[in-house]
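Participant: here is a sequence with its predicted model. Questions after.
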Amino acid sequence: MRGDLSRRRFLGYAGATALASGLPRVASATAHQPRTLLEEFDYGQVQLTGGPLKEQYDRVLANYLALDNDRLLKVYRERAGLPAPGAAMGGWYDADGFVPGHTLGQYISGLARMGRTNGDKACLAKVGALVEGFAATMSGDDRIFAGPNAERVWPCYILDKHLAGLIDAYNLGGVEQARALLPRVLHGALPFIPDQGRDRIGKNNPPYDETYVLPETLFTSHEITGDAAFRDRARAYLLDREFFDPLARGEDVLPGRHAYSHAIALSSAGKAHLVLGDEKYLHAMQSAWQILAATQQYASGGWGPNETFILPHKGQLYDSLHSTDDHFETPCGSYAAIKLARYLLCATADGRYGDGLERVLFNAILAARQPDSDGDYPYYSMYGPRAHKVYYAKKWPCCSGTLVQCVADYVKNIYFRAADGVAVNLYAPSTVRWNQNGAAIALTQETGYPLSHGVTIKVDCAAPASFALRLRLPEWLQREPAIRVNGERASGETQRGFAVIKRRWKSGDTMTFDLPLALRTEAIDDLHPKTVAVLRGPLVYVELNPRPGPAALGHLEKQTAVAGAPGAFVEQAEGSDRVHVPLYAVEEESYTTYFEKS
C-alpha cells in the first residue's frame with residue numbers, strides 16, 4: 001500500500017499550512033488576508049452530465065421549483081396584513097408552527113445556485129419573485145419574522161437564512177433588490193438578537209438559538225454592502241474563547257456539544273480566516289477535522305448521534321447503534337461537513353479533505369430519502385440493524401432548507417482552480433470550463449464511478465495550452481493508478497494526495513485511468529474492532545432486507561456481482577442469498593450497515 005495514502009488520515013496537523021511543493025498560490029492577498037492554494041469555480045462554470053449525483057440534483061431541483069410561491073409567502077403576508085392566498089404550509093413553517101417561515105431564505109439560496117448553474121430562467125424568475133414577495137411584507141419597521149412570536153424562537157437562525165438567500169439572489173441571480181434588502185434585514189433583527197455570540201452545549205440546552213454560522217453570512221453581507229454593522233456583528237459572534245481558541249491549541253472540546261451547530265460554526269472560522277487573516281481559525285478547522293475523522297464519525301462520514309458529539313474511546317458510537325435511530329442529522333450535517341472540507345481544500349490543497357468530502361457526499365447527502373411534494377423531508381440517517389429511511393415527524397424541518405443548498409453545491413465540489421491549472425477532486429460525469437492564460441478550456445469527465453473504476457477526461461481548447469491537471473488519489477487506493485494520455489503512460493509527481501500531470505494540452509487529448517474498487521471493512525470505534533461496516537471504494541455497502549437475528553459479516557471474497565444491477569453484490573448463504581448494495585441505492589427497503597466479524 002502506498003505509504004502516504006495509508007497514513008494520511010492519521011498525520012498530525014502541525015505542518016498542515018505549509019505550501020505543497022511546486023503548487024503556486026492562486027488568490028491575490030492584502031496584508032491582512034491569506035492566500036489560498038485552490039479556489040472554487042463559479043456555479044456556472046461546472047455542469048453535471050450524468051450519474052447518481054445528477055439524478056438526485058435533477059429530482060431536488062424539480063421538487064423545489066414546484067414549491068408554490070403563495071404558500072411559501074403566506075405566513076409573511078399574513079403577518080403583514082396583506083392578502084395571503086394559497087394553502088398553509090403546515091409543520092414547522094406555519095404561523096403556529098415551531099419556527100414560522102424559517103427556511104424561505106434557504107429555498108431562495110438553493111434555487112439561485114441551481115439557476116446560476118443551469119442558466120434556468122424559470123428558476124431565476126422564481127428567486128426574483130420570492131425576494132420581491134418577501135420585501136413587500138417588511139413594511140416600515142423592517143420586520144423579518146413570520147407568525148406570532150417567531151422572533152422568540154430562532155431569531156439568529158432565521159436572520160442567517162434570510163441573509164444567505166439575499167446574498168445568493170444578488171450574487172447569483174442578479175436580483176438587485178436583494179442587495180438593498182440586506183441592511184434592512186439586519187435592522188429588523190437587531191432588537192431580537194444578542195450583542196455577542198452565545199454557545200450552545202447539547203441538543204436541548206439553552207440558549208437554543210444558533211449564532212454559529214452567522215459570521216460567515218455577516219462578513220459576506222459586509223463585502224456586498226460595505227456596511228460596517230455587518231462586519232462588527234460578525235466579529236462579535238465568533239466563538240473564540242469557547243470554541244476556536246481551544247481547538248486551535250489542539251484541545252478536543254467537541255464531546256457533549258450540539259453536533260451540527262458547532263460543525264457549521266467552522267464555516268464561520270473559514271470565512272474569518274479569509275477576512276481577518278488570523279491563522280488561528282485555520283488551525284481550529286484543521287484540529288476539528290482531525291478530531292472528527294479520528295474519533296467521531298461513522299463509516300458514512302456522518303457524526304453526532306442524537307445531535308451530540310460523543311466522548312471518544314468510550315464505545316459510544318457502538319452504543320448508539322442500539323440506543324437511538326437518530327445517528328446523523330443528514331442534510332444539515334452534510335452541508336456543514338462539505339463546506340468545511342472545501343474551506344480546507346482551498347487553504348491547503350491537501351487531498352485528505354477531498355477524501356472526507358467524498359465520503360459524506362456519497363454516503364450521507366446522496367443517500368438521503370427523496371422528499372415528497374408536501375413537506376415530508378429526510379432528517380436523520382440510521383445505521384442500526386434493520387433500519388429504514390424515514391421522513392422527519394414534522395413537515396418542513398430545518399433539513400428541508402439545507403437539502404437544496406447542499407445538492408445545489410454538488411458542482412462546487414468536483415473541480416478546484418489552481419493558478420497553473422485545475423484540480424479534480426471528485427470523479428463524476430461533468431464538464432468544467434475556464435480560461436488559462438487567455439485560452440478557453442473545457443474538461444469533460446466520463447465515468448461510471450463510484451460503481452465502476454474507469455475514468456476518462458477529455459480536453460477541449462481553442463488552441464494548445466500548458467497547464468497542470470491534478471487528480472485526487474483517494475486514501476483507500478492500494479496503489480497509484482496508471483495514468484495515460486492518448487494511450488501513453490503519463491509522467492508526473494504526487495503532491496499532498498494529488499497526482500500532478502503537467503503538459504501542453506491540445507484539443508482532443510484524452511486522459512484515462514482506473515481507480516480499483518475492492519471490498520474492505522472499517523470498525524465502528526476503537527473499543528469494538530469486530531463491529532464493522534463494509535466499504536467498496538468510497539461507498540458504504542449495506543445488506544438489503546436483512547434476515548432477523550445477529551448481523552454477522554459474510555465472506556467478502558464470495559461476493560459476486562448481480563447481473564443487471566450495477567454496484568449490487570450477492571453472497572450465497574444458507575437459507576437465502578444476502579444482497580449488498582451501496583447505502584445511497586436504498587429506497588424503502590430495510591437495511592443493516594454494521595456487521596459482527598467472527
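Facilitator: Ah, there it is.

Participant: what sits against I483?
Facilitator: 471, 489-490, 492, 499, 501, 511-513 (C-beta atoms under 8 Å, 6 or more residues apart in numbering). All C-beta atoms are positioned from the backbone trio N, CA, C, and that covers glycine.

Participant: again, 7 Å this time
Facilitator: Residues in contact with I483 (C-beta atoms under 7 Å, 6 or more residues apart in numbering) are 490, 499, 501, 511, 513.

Participant: ok, it to V432 distance?
Facilitator: 18 Å (C-beta to C-beta, to the nearest Å).

Participant: let me see the domain layout of this structure.
Facilitator: Here the domain parsing of the chain from automatic domain parsing is 420-514, 519-596.

Participant: average model confidence for the longest one?
Facilitator: What domain 420-514 shows for mean pLDDT is 96.

Participant: so where's this protein shaky on pLDDT?
Facilitator: 1-33, 148-151, 201-208, 575 (pLDDT under 70).

Participant: now the domains of the chain as JSON lines including distance to L276?
Facilitator: Formatted as JSON lines, the domains of the chain follow (distance: least, C-beta to C-beta, whole Å):
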{"stretch": "domain 420-514", "distance to L276": "25"}
{"stretch": "domain 519-596", "distance to L276": "34"}
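
Participant: nearest to D252, of those?
Facilitator: Nearest of those to D252, taken as C-beta to C-beta: domain 519-596 at 14.5 Å.

Participant: so how far is that closest one from its chain's centroid?
Facilitator: 25 Å (C-alpha atoms, centre = their mean, to the nearest Å).

Participant: span of that domain from start to end?
Facilitator: 16 Å (C-alpha to C-alpha, to the nearest Å).

Participant: stretch 485-502 too?
Facilitator: By C-alpha to C-alpha, the extent of stretch 485-502 from end to end equals 11 Å.

Participant: what of stretch 446-454?
Facilitator: For stretch 446-454, the separation between the terminal residues is 9 Å (C-alpha to C-alpha).

Participant: can you list contacts of that stretch?
Facilitator: Applying C-beta under 7 Å, 6+ apart, the set of residues contacting stretch 446-454 is 362, 427-429, 455-456, 514-517, 537-539, 566-567.

Participant: try it again with 8 Å
Facilitator: Outside stretch 446-454, the residues that touch it by C-beta under 8 Å, 6+ apart are 51, 362, 427-429, 455-458, 512-517, 537-539, 566-567, 582.

Participant: still on that earlier bit, between the domains of the chain, which one is nearest to G115?
Facilitator: Distance to G115, taken as C-beta to C-beta, is lowest for domain 420-514 among these, at 17.7 Å.

Participant: burial check on the closest residue to Q559 other than its chain neighbours, number of neighbours?
Facilitator: Leaving aside its chain neighbours, Q559 sits nearest to F569 (4.1 Å; criterion: C-beta to C-beta, 6 or more residues apart in numbering). If you count neighbours by other C-beta atoms under 10 Å, F569 ends up with 20.

Participant: let me see the contact set for F569.
Facilitator: Residues near F569 by C-beta under 8 Å, 6+ apart: 541, 559-562, 579-581.

Participant: and V485, by the same measure?
Facilitator: V485 is in contact with 501, 503, 509-511, counting by C-beta under 8 Å, 6+ apart.

Participant: may I have the phi/psi pair for the closest residue to G492 other than its chain neighbours?
Facilitator: Spatial nearest neighbour of G492, excluding adjacent residues (C-beta to C-beta, 6+ apart): I501 at 4.4 Å. Reported as degrees, to the nearest 10, the phi and psi values for I501 are phi -110, psi 110.

Participant: doesn't V459 make contact with I501?
Facilitator: No. Using C-beta atoms under 8 Å, I501 is not in contact with V459; the gap is 11.1 Å.

Participant: hey, what's in contact with both of these two?
Facilitator: Residues touching both I501 and V459 (C-beta under 8 Å, 6+ apart) are M511.

Participant: related to what we said a few turns ago, now, the contacts of I483 that are in strands?
Facilitator: Here DSSP state E is the test, and the contacts of I483 give 499, 501, 511, 513 as lying in strands.

Participant: can you name the residues bridging to the last one?
Facilitator: Looking back up the chat, that one is F513. V455 (DSSP bridges).

Participant: hmm, back to that, of the contacts of F569, which is the most crowded?
Facilitator: Most neighbours among these, by other C-beta under 10 Å: Y541, with 25 neighbours.

Participant: so which helix or strand takes in it?
Facilitator: Secondary structure assignment for Y541, by DSSP states H and E: strand 539-544.

Participant: partner strands of that strand, parallel or antiparallel?
Facilitator: Partners of strand 539-544 in the sheet, by DSSP bridges, are strand 531-536 (antiparallel), strand 578-582 (antiparallel), strand 591-592 (antiparallel).

Participant: so for D96, which of these sits nearest?
Facilitator: D96 lies closest to strand 591-592 among the strands paired with strand 539-544, at 36.6 Å (C-beta to C-beta).

Participant: just checking, what packs against the following helix or strand past that closest one?
Facilitator: Later in the chain than strand 591-592, the nearest helix or strand by DSSP H and E is strand 594-596. Applying 3 or more C-beta pairs under 8 Å, 6 or more residues apart in numbering; DSSP states H and E, we find strand 594-596 packed against strand 531-536.

Participant: quick one: contacts of the strand it packs on?
Facilitator: With C-beta under 8 Å, 6+ apart as the contact definition, strand 531-536 has outside contacts at 298-300, 318, 321, 476, 517-524, 540-542, 553, 556, 580, 582, 593-597.

Participant: try 6 Å
Facilitator: Strand 531-536 is contacted by residues 299, 318, 517, 519-524, 540-541, 593-597 when judged by C-beta atoms under 6 Å, 6 or more residues apart in numbering.

Participant: quick revisit: right, and the strands paired with strand 539-544 - which one's nearest L266?
Facilitator: strand 531-536 (25.1 Å).

Participant: list the buried ones in that closest one?
Facilitator: By neighbour count on 16 or more other C-beta atoms under 10 Å, the buried set for strand 531-536 is 531-536.

Participant: and T444, how far from A248?
Facilitator: Counting by C-beta to C-beta, the separation of T444 from A248 is 41 Å.

Participant: residue ranges of the helices in the stretch 251-400 of the chain, please?
Facilitator: For the stretch 251-400 of the chain, the helices defined by DSSP state H, counting those that start in this stretch cover 259-276, 279-291, 316-323, 330-348, 351-360, 399-408.

Participant: can I get the ones in strands among the contacts of I483 in a markdown table with distance to S334 and neighbour count?
Facilitator: Rendered in a markdown table, the data for these read as follows (distance: C-beta to C-beta, whole Å; neighbours: other C-beta atoms under 10 Å):
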| residue | distance to S334 | neighbour count |
| --- | --- | --- |
| A499 | 27 | 20 |
| I501 | 31 | 21 |
| M511 | 30 | 22 |
| F513 | 28 | 21 |
